[in-house]
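Novice: A predicted structure for the sequence below; I have some questions about it.
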Amino acid sequence: MEVVGLASGILTFLDVSYKIIKGTYEIHSVVSGATLENTHVSIVTRDLEEVADGLKGDPQKIKDPKLIEISTECHSLSQDLLKLLRKLQPRDGSRRESFKTAWAAMRKQSDVRKMEERLDRYRSEIELRLLFLICTGDSVLKQQIEQIRQMSAKVNNQNARALEDIQNQLDSTLRELQARARETAVRDKGIARDVHHIVIQSNENLERIDDVHQELDTVRPTQGQDGYRRLIENLYKLEALMEKMPYENRILRRLSFESILRREEAISDPVANTYAWMLRGPASTTADASENCLTSLTVAGTPASEQDLRMETSAKFRSFLRGNGQTFFISGRAGCGKSTLMKFLVHNMVVREDLETWADGFKLVVVGMYFWGSDDTLQKSLRGFYLSILYHTLKQCPELISVIFPRSDGEGLSSDAAEVPISELESAFSRLTELRNSETHSKYFGDTKDPFALSVFGSKMYVISDPKQTNEVYKNLETLSFIEFVQGLFKTNGVSNAGIKSIYMDLPSDKAGFPNPQGKSLGGTLVRQMHIHQLYPGENLDQLEIRFHVYFQGNLILPMMRKVCAPYVFSQDDSSIDLPLMRWCSEYFVRAGGIAYFGDMLSAIDPRLASTFIAFYDLSWQAIYQYPSFLSRKMRAERDRTQRCFKKYFEVPQSQCTGDAWFTRTMENELRAIGVGTDDIASLLLTLHWVCAGSIRIPEKTAFWMLTYILLNPWYIEPLRKETEAAFNGDALVDLHHLHNKCPLLEAVWFETLRLASNAASVRLVAEDTVIGGKILRKGSRIMIPYRLLHFDSAVYGDAVNEFKPERFIGPANEKLTRGDSWRPFGGGKTMCSGRYVAKRATRE
């Protein structure tokens, strides 16, 4: 696998480098997918640095000196190319150019031509090496692939066919690229002769040399580009198969047993067309299962009545094949041919065609199992039944093995233990049947707002998109719960079980500190009440707003912006600064939020904390979806660094921490009062800061999108200036009250930006079977409410829901839209974001 990964990295580097050198490297817009013509040199440099990281291979693991040599040469080339790109970076005071414009002149240098020659050589070398590795039996990689293939064949893993297909595609693509390279070499020689011929004729024809070079440049970049893409894609597929197939094979080997196919192999095929009559009847799609019932099938009587009965039986059997939720039971005396009939039906194409109709586009899995009174206990036991049905299903659907046998559960099963515990088989069988049911239900998906279910890694999640049903979820506090979700986040971020137990333990109603008249727990009730006390309109919110205001006033001047934005500024001159808008908004709001809540102490402990927290926050979805550590290393590293900073903060005596918010100090006091230690306090406050960061990151992202939409719709600029003019004295914002209460267009722009740009969602755990929208949501599942779907409902917001139209929120429509069931930028119910007021105020400033 390491060999394939390194080879993929080399090919990706060569592909990107070739496009850079040719000046054809393109970046595509995340929003529209269109090419960004003015791609900046710094972005190209960053991308090259990222692909160059894939050139690092461990010789101890790869054990292929030639491949290591190629990767080393490519790494050297990457450093040379990066040096050239850095020369194109704008100096202080200069304006930035697009990559294509800046590179056009650089391409004429001899260094670039030499790099192009090196790229061609490395391409040829890696192609030849891959041909050897993939197609030659002497290579370690080919031997590894062959071992996996042989084991897959033994256990009938259908991924063996996929592995063989990828090998064949790689072989074909490599040989195709080699052939094209030879053709190009011949063509290049011909073009070179043309150049020589033109030069020795006359100066009048020298202009044709540029045309010839352009011809050469159009030949080389296009040669094999599709082939290279296929090569890289198939290498990634090969790497994925080689990573998962050994585990799949181990699982299938443990599910298989010696006599699993003995009975089927012992059954003779029917003579001639003995059972052909069973499939001659017309197929229908009868919905009523009772209509497919036969009291019995007897062959006594007249030939005509026998033929009629056979035709009726055949029609009902084929209707059963195409229908849902039925069992077709065939009985008869011993030795009458039931097993022979079953084998005939399992392998018959008419049966498969009828089942394909029933499957309606889903993958069809047909399992034939035969149990009889042999001396083999597995052939007549429940364990044998579980083993057989799991084996026969999973060998056809190896992609389900990691779902049915998650690695944490399946490692024991994949060992060579003498016997698989029946409990493990029962759990696996349960997961299989639940998966099957969810797939069957998914056939009835339609363009409605009814709840629908998704099965993700064996867990069921119901999606609610109807506004009225959303309210049902919010109001249900008995069978739907949010606490488990929050507790899971606490655990993910390192809060100890003892710490979680302490904060969810009911406290005395007469305790000291924050009032607790109902005797509730800190985590269950008091934290939210303290947030409300801090963030709802009042003195505490005013103090928080003033801190944001002071930070912005002091840092939104050019000298301070040069200092604060230095790590990411593009270019600057005496009167302006050129920087990435999203990062600027992010850094400023996170820094302001940190100071507003914690004073200056956090940034004094770690001046880079804002950047670290942003990096963690942007990847924190990996924590929510419980990504394994090897897939979330960066997120975990940024989180741990943030956590260490929080721990150092709470180790500092409160007397030395000035400027912190009421909530921060009160929360620390409440936690220490119930015996929670500093480590847990740091983890808890980090989690709360993360979960509640919407009050900081919502204005950050909304400010970015507000500015973006205004710049894209410039006719709003002058009306906004006129409307907000009274709040300013020169460049200084002096009247916050005017800004908050007398600027209807500004408020409408804020609301419309929230509608278009917010992408939050709410979750609940189904603690007991619950009916929502007439559908039963099962215990143990989760509910998700994606608010974005509500905000694009044309029945509520009009036909132009994808367009920026702040006018929809002006006048009487404002209150109607922002108080309706379809308005959820901050959630709803008891879990509605308490930071919505500070988010609104901070963004407007």
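Specialist: Structure received. Every value quoted in this text rests on a predicted model; they were computed, and no experiment measured them.
Novice: make it CA atoms for all contacts and neighbour counts henceforth
Specialist: Fine.
Novice: now residue 495: which helix or strand?
Specialist: For residue 495, there is no enclosing helix or strand under DSSP states H and E.
Novice: residues touching residue 701, list them.
Specialist: With contact set as C-alpha atoms under 8 Å, 6 or more residues apart in numbering, residue 701 has these partners: 582, 585, 586.
Novice: show me the helices in the stretch 651-800 of the chain, by range?
Specialist: For the stretch 651-800 of the chain, the helices defined by DSSP state H, counting those that start in this stretch cover 662-673, 678-691, 694-712, 717-724, 736-741, 744-757, 787-791, 794-797.
Novice: buried residues, the first one. List them.
Specialist: It stands for helix 662-673. 662, 663, 664, 667, 668, 670, 671 (16 or more other C-alpha atoms under 10 Å).
Novice: against residue 660, how distant is the fourth one?
Specialist: This means residue 667. Computed as C-alpha to C-alpha, to the nearest Å, the residue 667 to residue 660 distance reads 11 Å.
Novice: also the fifth one?
Specialist: From residue 668 across to residue 660, the span is 11 Å (C-alpha to C-alpha).
Novice: which residues does the residue nearest to residue 237 when sequence neighbours are not counted contact?
Specialist: Once flanking residues are discounted, residue 237 sits nearest to residue 166: 7.6 Å by C-alpha to C-alpha, 6 or more residues apart in numbering. Residue 166 makes contacts with 234, 237, 238, as judged by C-alpha under 8 Å, 6+ apart.
Novice: what is the neighbour count of the second one?
Specialist: Neighbourhood size, residue 237 [other C-alpha atoms under 10 Å]: 16.
Novice: ok, residue 720 to residue 714 distance?
Specialist: Distance from residue 720 to residue 714, by C-alpha to C-alpha: 10 Å.
Novice: compare the two (neighbour count), which wins?
Specialist: Between residue 720 and residue 714, counting by other C-alpha under 10 Å, residue 720 is the more crowded of the two (16 against 11).
Novice: could you check the pLDDT of the more buried one?
Specialist: The model reports residue 720 with a pLDDT of 91.
Novice: do residue 61 as well
Specialist: In this prediction residue 61 is given a pLDDT of 72.
Novice: doesn't residue 4 make contact with it?
Specialist: No: the pair residue 61 and residue 4 fails to qualify as a contact (C-alpha atoms under 8 Å) at a distance of 11.6 Å.
Novice: the two: who's more crowded?
Specialist: Neighbour comparison, residue 61 and residue 4: the larger count goes to residue 4, with 21 against 10 (by other C-alpha under 10 Å).
Novice: from the buried residues of helix 662-673, pick the one nearest residue 250.
Specialist: Closest approach to residue 250 among those (C-alpha to C-alpha): residue 671, at 48.7 Å.
Novice: skipping adjacent residues, who's closest to the closest one in space?
Specialist: Residue 671 sits nearest to residue 681 (C-alpha to C-alpha, 6+ apart), 7.0 Å away.
Novice: what's the neighbour count on the one you found?
Specialist: So residue 681, with other C-alpha under 10 Å, has 20 neighbours.
Novice: what stretches of the stretch 1-150 of the chain score poorly on pLDDT?
Specialist: For the stretch 1-150 of the chain, residues meeting the criterion pLDDT under 70 lie at 1, 23-43, 57, 59-60, 89-110, 131, 135-139.
Novice: check the gap between the closest residue in space to residue 800 that isn't next to it in sequence and residue 786 for me.
Specialist: Distance criterion C-alpha to C-alpha, 6+ apart; nearest residue to residue 800, sequence neighbours excluded, is residue 794 at 7.3 Å. Per C-alpha to C-alpha, residue 794 is found 16 Å from residue 786.
Novice: higher neighbour count, those two?
Specialist: residue 786 (19 against 12).
Novice: just give the nearest non-adjacent residue to the more buried one, would you?
Specialist: Nearest residue to residue 786 in three dimensions, chain neighbours excluded: residue 761, at 4.4 Å (C-alpha to C-alpha, 6+ apart).
Novice: so which helix or strand of the chain has the lowest pLDDT on average?
Specialist: None of the helices or strands of the chain scores lower by mean pLDDT, DSSP states H and E than helix 207-222, at a mean of 43.
Novice: can you read off the pLDDT for residue 708?
Specialist: For residue 708, pLDDT reads 90.
Novice: any idea how far residue 539 is from it?
Specialist: Relative to residue 539, and taking C-alpha to C-alpha, residue 708 is found at 33 Å.
Novice: burial count for residue 126?
Specialist: Residue 126: 20 neighbours (other C-alpha under 10 Å).
Novice: which SS class is it?
Specialist: helix (DSSP: H, G, I helix; E, B strand; the rest coil).
Novice: residues contacting it?
Specialist: 7, 10, 11, 67, 70.
Novice: can you pick out the ones from these that are in helices?
Specialist: Judged by DSSP state H, the contacts of residue 126 include 7, 10, 11, 67, 70 as members of helices.
Novice: and the residues you listed, which two are furthest apart?
Specialist: 11 and 67 (11.7 Å).
Novice: ok, the two, which is more surrounded?
Specialist: The neighbour count for residue 11 versus residue 67, taken as other C-alpha under 10 Å, is higher for residue 11 (25 against 22).
Novice: what sits against the residue nearest to the more buried one when sequence neighbours are not counted?
Specialist: Take residue 11 and drop its neighbours on the chain: the residue closest to it by C-alpha to C-alpha, 6+ apart is residue 232, 6.5 Å away. Residues near residue 232 by C-alpha under 8 Å, 6+ apart: 8, 11, 12.
Novice: closest to residue 378 among those residues?
Specialist: Using C-alpha to C-alpha, the contacts of residue 232 come closest to residue 378 at residue 8, 45.5 Å.
Novice: strands of the chain, start to end?
Specialist: Ranges of strands within the chain are 452-456, 459-463, 480-481, 571-572, 577-578, 728-729, 732-733, 761-766, 770-772, 775-777, 782-786, based on DSSP state E.
Novice: buried stuff in the longest one?
Specialist: Applying a neighbour-count criterion of 16+ other C-alpha under 10 Å, the buried positions in strand 761-766 are 762, 763, 764, 765, 766.
Novice: quick one: average pLDDT of that strand?
Specialist: According to the model, strand 761-766 has a mean pLDDT of 82.
Novice: just how off-centre is that strand within its chain?
Specialist: Remark: strand 761-766 is offset 19 Å from the chain centroid, using C-alpha atoms, centre = their mean, to the nearest Å.
Novice: dump that strand to PDB, keeping only the CA atoms.
Specialist: What follows is strand 761-766, C-alpha atoms only, in PDB (Å, rounded to 0.1, in the frame of the first residue of the first chain):
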ATOM      1  CA  ALA A 761     -28.400  22.200  11.700                       C
ATOM      2  CA  SER A 762     -30.000  20.900  14.900                       C
ATOM      3  CA  VAL A 763     -29.900  17.300  16.200                       C
ATOM      4  CA  ARG A 764     -31.800  15.200  18.600                       C
ATOM      5  CA  LEU A 765     -31.600  11.700  20.000                       C
ATOM      6  CA  VAL A 766     -34.800   9.600  19.800                       C
END
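Novice: so what does it touch, helix or strand wise?
Specialist: Packing partners of strand 761-766 (3 or more C-alpha pairs under 8 Å, 6 or more residues apart in numbering; DSSP states H and E): strand 480-481, helix 483-492, strand 782-786, helix 787-791.
Novice: next, the buried residues of the last one.
Specialist: Put plainly, it is helix 787-791. Buried, per 16+ other C-alpha under 10 Å, within helix 787-791: 787, 788, 789, 790, 791.
Novice: take the residues you listed and lay them out in JSON lines including distance to residue 469 and pLDDT.
Specialist: Shown next, in JSON lines, are these (distance: C-alpha to C-alpha, whole Å; pLDDT from 0 to 100):
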{"residue": "787", "distance to residue 469": "12", "pLDDT": "79"}
{"residue": "788", "distance to residue 469": "15", "pLDDT": "80"}
{"residue": "789", "distance to residue 469": "13", "pLDDT": "79"}
{"residue": "790", "distance to residue 469": "12", "pLDDT": "82"}
{"residue": "791", "distance to residue 469": "15", "pLDDT": "85"}
